[in-house]
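S.K.: Predicted model, plus sequence, below.
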Amino acid sequence: MRLRPLFAVALAAAMLTPPAAMAHQERPTSSPARPGHVPDPNRTPTQVLDVCKTGECSYEHIQAAVNAAHDGALIRIWPGVYKEEPSRVAPEPPPDQPTGTYSFEQQLTYPNAINLIAIIGKKNITLRGMGATNKAVVIDAGFKKHVGIRGDRSDGLILENFSFFHAFDHGVYVLDSDGYIIDNVYSAYSQEYPFLTFADDHGLMINCEAVGGGDGGIYPGGSADTPGRVSQEISHCTSHHNVLGYSGTQGDHVWVHDSLFYDNTTGLVSDSETDHPNYPENNLTLERNKFFDNNFNTYDANADVAPVEFDEAGTGFSGNIIPVGTGVFLASGNNNLVQNNDVWGNSRYGVWLASGEGLVVGPTSDPAAPPFASSGNRFVGNRMYAPAGVANGTLNGTDFAWDGMGQNNCWQDNVRSTSGEAATSDNIMLPPCETPVAAAPPPVWVPNPTNALAQVGIAKYNGAPLCQSLGLEPCVFGPGPGPCKAKNRPDDPGCTTDRSYVPNPTPCGPSTCPHTASSTRVLHVKTTRTFSEKASALPATGVGTPVVPALVLLVAAGATAVVIRRRSI
């Protein structure tokens, strides 16, 4: 049958929904600014508990040590593989929340119902791997539990120097907490997020590595709204071979710096959704990072990471595809700064600023919110080419993509060569951040129907993207990994997935290990951001944005799609 034009226009606009792989479901949780601080990694423990597999420790399983720990305890985990067999077989009672989630009280009562290792309500606990590297201590959930390691209202939690594999949903998860450190932790091949932090404040993730997640490798969602300071810091981390290197729905006041994002489907996505606290997203800072070669096609039948969007997509207009070949995708949000990064080799866009989600999804969501166009975003001093010494580095397909919507968005001093060649764009004009008459971007915007149409194209209808039915390019989509190809999923019936990538360290304990981790941790972390505040910014609500013309543009994009590509579906 034919897609009726009016039906297509209305639904194409209404279906600029958040990508299925941009959020997660959790119990209703507020995320206020909190009074605490990032914990001291060199604090004196109240007790020391040893866990090992050699029989020389008081505990063989990590959860048993957690159960025995008082607030302030240091739990030393000695080299070996920890499958946490008692936790794996713990019963899973039904959720007690109407949203299908567990309340804090139920987590406290049944800590291992959905968690392999659960630190629920305990304060200032440290889990420290005692090997010479983070691969010496291996924790493997075998997809038996939804969450690998969960810290829930666990203020002052420190997790350091170990590796984690194969959660059914999330690998390392810190929720509703004031102060945490995740240091030198490797998390790989969970179905959704290798690292997930939600509704937290005073967080630091440093020297982490996220691999093979079906959603975001690193996800600092629903962060505290903390004007004047950082809520969470992500420093010197590496995220690669995920569907999204980073995904942050309301990753407010998060500072991501000196980190690497490569070989993902999209390097970084930030967006706004009303079912997360502190809507809309605002004040993300990306500084001194490298976003390169994010061209991993997770939709290919030979891919080894399956996107979670296949599980979440429904009938009708539901979900989005992930735009393969994009370095940074700011899908909706305000007052973000992208400064002094290296962005290269992304086949579609280096950086994409969009407004469709904020204009359409907020007003049509439950709870509903007023529409807004992404505003006050600044892109300053980025190098859109490979640094010296990088072999076979390529340029981005287009350096900066923008739908032309919003106020006070600006671009300045972004180049695509060492000679200072200006960065490329799909928009006829990128407003500068400073003009001869003012240290602020000019209050103009130039609508870009082609970019708006690209946003319509990534929306899905009956499980397939509109770009496919409308004949838009690029449109990278497919069935995803074949049987037993995906390392982030349990084995399919009748075949076995190769898991030889999981380390198998020799067990040892306090008296038998030849090399151990240092008992003193010194974090060499910058504590101040270096961006300028010259460009003016709107309030986080985006009040004053000319949303009516923007909405008209989106509808027009849908109409254009129907006119240029009427076809049977």
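M.R.: Thanks, I have the structure now.
S.K.: isn't there a helix covering Ala454?
M.R.: Yes. Counting by DSSP: H, G, I helix; E, B strand; the rest coil, Ala454 falls inside a helix.
S.K.: Please verify my assumption that it contacts Leu472.
M.R.: Yes. Counting by CB atoms under 8 Å, Ala454 does reach Leu472; the two are 7.2 Å apart. C-beta here means a position set from N, CA and C on the backbone, and glycine is covered the same way.
S.K.: Please say which of those two ends up with more neighbours.
M.R.: Taking other CB atoms under 10 Å, Ala454 and Leu472 do not tie; Ala454 has more neighbours (25 against 19).
S.K.: Pro479: what's it in contact with?
M.R.: Pro479 makes contact with 299, 301 under the criterion CB atoms under 8 Å, 6 or more residues apart in numbering.
S.K.: any idea whether it is helix, strand or coil?
M.R.: coil.
S.K.: Any figure for the gap between it and Asn297?
M.R.: Distance, Pro479 to Asn297, using CB to CB, to the nearest Å: 12 Å.
S.K.: again with Lys487
M.R.: For Lys487, the distance to Asn297 equals 16 Å [CB to CB].
S.K.: So those two - more neighbours on which side?
M.R.: For Lys487 versus Asn297, the count of surrounding residues by other CB under 10 Å is larger for Lys487: 22 against 15.
S.K.: is it true that the more buried one lies in a helix?
M.R.: No. Counting by three-state DSSP, Lys487 is not part of a helix but coil.
S.K.: Begin at 44 from now on, thanks
M.R.: Done: numbering now begins at 44, and the last item shifts to Lys530.
S.K.: Setting the sequence-adjacent residues aside, check what's closest to it.
M.R.: Excluding its sequence neighbours, the residue lying closest to Lys530 (CB to CB, 6 or more residues apart in numbering) is Tyr232, at 4.6 Å.
S.K.: neighbours of the one you found, just the number please.
M.R.: What Tyr232 shows, counting by other CB under 10 Å, is a neighbour count of 28.
S.K.: Looks like it contacts Ala253 (just checking).
M.R.: No. With contact defined as CB under 8 Å, Tyr232 does not count as touching Ala253 (10.2 Å).
S.K.: tell me, how many neighbours does Ser73 end up with?
M.R.: Neighbours of Ser73 under the rule other CB under 10 Å: 10.
S.K.: for Pro136, same thing?
M.R.: As a burial measure, Pro136 scores 12 neighbours (other CB under 10 Å).
S.K.: Might you report the residue contacts of it?
M.R.: Pro136 is in contact with 149, 153, 156, counting by CB under 8 Å, 6+ apart.
S.K.: Tell me, please, where in this protein the pLDDT is lower than the cut-off.
M.R.: For the chain, residues meeting the criterion pLDDT under 70 lie at 44-67, 354-357, 478-481, 483, 485-487, 560-612.
S.K.: what do you get if the cut-off is 50, keeping everything else the same?
M.R.: Applying pLDDT under 50 to the chain picks out residues 44-65, 565, 567-588, 602-612.
S.K.: Go ahead and flag the most central residue of it.
M.R.: Nearest to the mean C-alpha position of the chain, by CA atoms, centre = their mean, lies Ser290 at 2.0 Å.
S.K.: and that one, that's in a strand?
M.R.: Yes. Under three-state DSSP, Ser290 sits within a strand.
S.K.: Is it correct that Val215 falls within a strand?
M.R.: Yes. Under three-state DSSP, Val215 sits within a strand.
S.K.: can you give me the strands in the stretch 494-612 of the chain?
M.R.: Counting by DSSP state E, counting those that start in this stretch, the stretch 494-612 of the chain has strands at residues 502-504, 507-508.
S.K.: Point out the other elements, helices or strands, that the first one touches.
M.R.: Packing contacts for strand 502-504, counted by 3 or more CB pairs under 8 Å, 6 or more residues apart in numbering; DSSP states H and E, involve strand 360-363, helix 509-513.
S.K.: Return the most buried member of the ones you listed.
M.R.: Across these, the average number of neighbours (mean count of other CB atoms under 10 Å) peaks for helix 509-513, which reaches a mean of 22.
S.K.: Counting by contacts, list what that helix packs against.
M.R.: Here helix 509-513 touches helix 492-500, strand 502-504, helix 590-607, going by 3+ CB pairs under 8 Å, 6+ apart.
S.K.: quick one: contacts for Ser554?
M.R.: By CB under 8 Å, 6+ apart, Ser554 lies in contact with Glu99.
S.K.: Over to Leu159?
M.R.: 106, 127, 130-131, 182, 184, 187-188, 190-192, 210.
S.K.: Could you rerun that using 6 Å?
M.R.: Counting by CB atoms under 6 Å, 6 or more residues apart in numbering, Leu159 touches 127, 130, 184, 188, 191.
S.K.: so which of the strands of the stretch 494-612 of the chain comes closest to Ala412?
M.R.: strand 502-504 (19.2 Å; CB to CB).
S.K.: Sheet-wise, list the partners of that closest one with their directions.
M.R.: Strand 502-504 sits in its sheet next to strand 360-363 (antiparallel), strand 507-508 (antiparallel), going by DSSP bridges.
S.K.: any idea how far Arg196 is from His113?
M.R.: Applying CB to CB, the value for Arg196 to His113 is 16 Å.
S.K.: The two: which is more packed in?
M.R.: Neighbour count, other CB under 10 Å: between Arg196 and His113, Arg196 has more, with 20 against 13.
S.K.: Much appreciated, bye for now.
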